[in-house]
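Participant: what's the 3D shape of this:
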Amino acid sequence: MKKTIVALCVVFLIASVGLFAQASAEKQIVLKLSEVHAEGYPTTMADYEFARLVEERTNGRIKIEVYSGGTLYGQETGAVEALQVGDLAFARVSTSPVASYVDALNAIQMPYLYNNGEHMWAVLNGSVGQNLLADVEKSGSGLIGLCYYDAGARSFYTTKPVRSVADMAGLKIRLQNNQMMVRMVELLGGVGVTGIGPNDVYSAITQGVIDGAENNWPTYQNMGDYEAAKFYTLDSHTRVPEILLGSVAALKNVSEADMAIIRQAAKDTQDFEIAAWAQKEKEAEAIVRAAGTTVIDLTPEAFAEFQTRMAPLYQEFGSKYADIIAEIQEIGKAYR
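Facilitator: Below is the predicted model:
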């Protein structure tokens, strides 16, 4: 009799554990994160770290699946639209498409706005940047701004050395299809050329269609453009951060406590991504320098001239954000 009772207890215990495990599994929320960059890219690495932290801190209640290389959405705009309707929970995108919903985000993308990277992060992690991030959720766009990620600085690379504004005269520079960037090059004395895809920059330089382009260290190296344009001028004309976004619709059933965990986990990945980006830049720079590229650091006087030339552009494109720009410039006085 006792053996029968013990056996029944064991069966009941096993069944209870099974039911508990089944209930736990059923309660787990699985969410998707879209990333257009490939495996091993700094933002992709940060995506995985974000997923790890969320699953760990929620004790497995929430699992985030990362889809890199554009396997879910090949374009960032498509990912943003999916977030808005709740077909996607998270996406890492550039600031640019988000500015369509929070116009003031254009203020942090102005050319020659930051003196250096430390200046930019003081802005983004201070009241200016955090208020703009909060405005994403307040905009009614259905998006949640979780944190900023680094995307480095874009600088000019050319077939002749550029050490001053005077050296930019007449240079044909390939640009993204952005009127503000075209105007920037015009004010420096060059000619902005659009309509050339990133994979065609190398051939356009070697064929003399353009005299150079502009991008960050990793792209300059990865695309092989350093073999065609052997002068890289570190003017750092734009620093446009990335943003990790969440979906209001997709996260509506997540508890307040778990949403707090998600928000904090995102912020805690920022330093991780910044470090990964710095390492990526360091590796790219080493390859470029080893190939014999001439890397030009502008003198403070030369950099100031590049900044000064932007006065008309700030009137044309930045007048709506004058207060924000002034605050950013004031912060910059401590980072010269």
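
Participant: low pLDDT regions in the protein?
Facilitator: 1-26 (pLDDT under 70).

Participant: how about the helices in it?
Facilitator: 2-27, 42-57, 76-85, 95-98, 117-124, 127-138, 179-187, 201-206, 217-222, 256-268, 270-290, 300-308, 311-318, 322-332 (DSSP state H).

Participant: could you redo those helices as TSV and give each row mean neighbour count?
Facilitator: Using the backbone N, CA and C atoms, a C-beta is placed for each residue, glycine as well. Output for the helices of the chain, formatted as TSV (neighbours: other Cβ atoms under 10 Å):
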stretch	mean neighbour count
helix 2-27	10
helix 42-57	20
helix 76-85	19
helix 95-98	20
helix 117-124	20
helix 127-138	17
helix 179-187	18
helix 201-206	18
helix 217-222	21
helix 256-268	16
helix 270-290	16
helix 300-308	15
helix 311-318	14
helix 322-332	16
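
Participant: okay, which residue is most central for the protein?
Facilitator: By Cα atoms, centre = their mean, the mean C-alpha position of the chain lies nearest to Glu242, the distance being 1.9 Å.

Participant: show me the contacts for it.
Facilitator: By Cβ atoms under 8 Å, 6 or more residues apart in numbering, the contact set of Glu242 is Thr43, Arg92, Val93, Ser94, Thr95, Tyr148, Tyr149, Asp150, Ala151.

Participant: right, and the last one touches Trp217 too?
Facilitator: No - taking Cβ atoms under 8 Å as the definition, Ala151 is not a contact partner of Trp217, at 11.1 Å.

Participant: that older thread, and the closest residue to the residue nearest to the centre of the chain other than its chain neighbours, how many neighbours?
Facilitator: Distances taken as Cβ to Cβ, 6 or more residues apart in numbering put Tyr149 closest to Glu242, at 3.9 Å, once the chain neighbours are dropped. Tyr149 is flanked by 26 other residues according to other Cβ atoms under 10 Å.

Participant: check contacts around Tyr149.
Facilitator: Residues near Tyr149 by Cβ under 8 Å, 6+ apart: Pro42, Thr43, Ala46, Arg92, Pro241, Glu242, Ile243, Leu244, Gln270, Glu273, Ile274, Trp277.

Participant: the fifth one and Leu124 touch, don't they?
Facilitator: Right, the one you point to is Pro241. Yes - counting by Cβ under 8 Å, Pro241 does reach Leu124; the two are 6.1 Å apart.

Participant: who touches both of these two?
Facilitator: Counting by Cβ under 8 Å, 6+ apart, the residues touching both Pro241 and Leu124 are Ile108, Tyr148.

Participant: okay, the contacts of Glu242 in JSON lines with distance to Ala204 next?
Facilitator: Listed next are those as JSON lines, based on distance: Cβ to Cβ, whole Å:
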{"residue": "Thr43", "distance to Ala204": "27"}
{"residue": "Arg92", "distance to Ala204": "29"}
{"residue": "Val93", "distance to Ala204": "27"}
{"residue": "Ser94", "distance to Ala204": "23"}
{"residue": "Thr95", "distance to Ala204": "27"}
{"residue": "Tyr148", "distance to Ala204": "32"}
{"residue": "Tyr149", "distance to Ala204": "30"}
{"residue": "Asp150", "distance to Ala204": "28"}
{"residue": "Ala151", "distance to Ala204": "23"}
